[in-house]
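Undergrad: Generate coordinates for the sequence data below:
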Amino acid sequence: MAKRRKYSEDYLNIGFTTVLANNAVEKPECVLCDVVLSVESIKPSKLKRHLETKHLEHAEKDLEFFKRHELRLKRQKLNASGSFQQQSAAAVEASYEVALENAKPKKPHMIGETLIKPCMLKMVKLALGEDSAKKMQ
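TA: Okay, the predicted model is just below:
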């Protein structure tokens, strides 16, 4: 297995923080444009190249500037309760089912009963269960 480079706090000097991917792998994230780079890009030379090519006007900024942007980035990812925003698998599946129902008729405009009710029933079934879907019927 190849040896992986770890995130260092010094990378904030060149505008990068870290984000966990798949709850295990640290990936570099630009605090200015919110772009997450690949694991292989965690080398200081590649991070610096991103800063100089994409954000040349900020290349000479101090550490405090990047700390403010890192704080802004972290606040964006938090919801009102202070925990990270997460979508459950059931919510994603429900969203997919609604999009599928919307695409099936191949018509630009739909009547509420033919579109909204079946979609709502699928969402309730996936998110809350079969009993709640029967109640909504």
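
Undergrad: Which strands or helices does the lengthiest helix in the chain pack on?
TA: Secondary structure assigned by DSSP state H gives helix 112-128 as the longest helix of the chain. Contact here means 3 or more C-beta pairs under 8 Å, 6 or more residues apart in numbering; DSSP states H and E; on that basis helix 112-128 packs against helix 89-103, helix 130-136. Quick note: C-beta positions are derived from backbone N, CA and C, even for glycine.

Undergrad: Check which residues of stretch 38-51 are buried.
TA: 41-42, 47-48, 50-51 (16 or more other C-beta atoms under 10 Å).

Undergrad: Taking those residues together, which two end up most distant?
TA: The largest separation in the buried residues of stretch 38-51, counting by C-beta to C-beta, is between Ile42 and Leu51 at 13.8 Å.

Undergrad: Run through this protein and note the low-pLDDT ranges.
TA: 1-3, 22-23, 78-88, 108-113 (pLDDT under 70).

Undergrad: Would you mind listing the outside residues contacting stretch 57-69?
TA: Residues outside stretch 57-69 that contact it (C-beta atoms under 8 Å, 6 or more residues apart in numbering) are 12-15, 31-32, 51-52.
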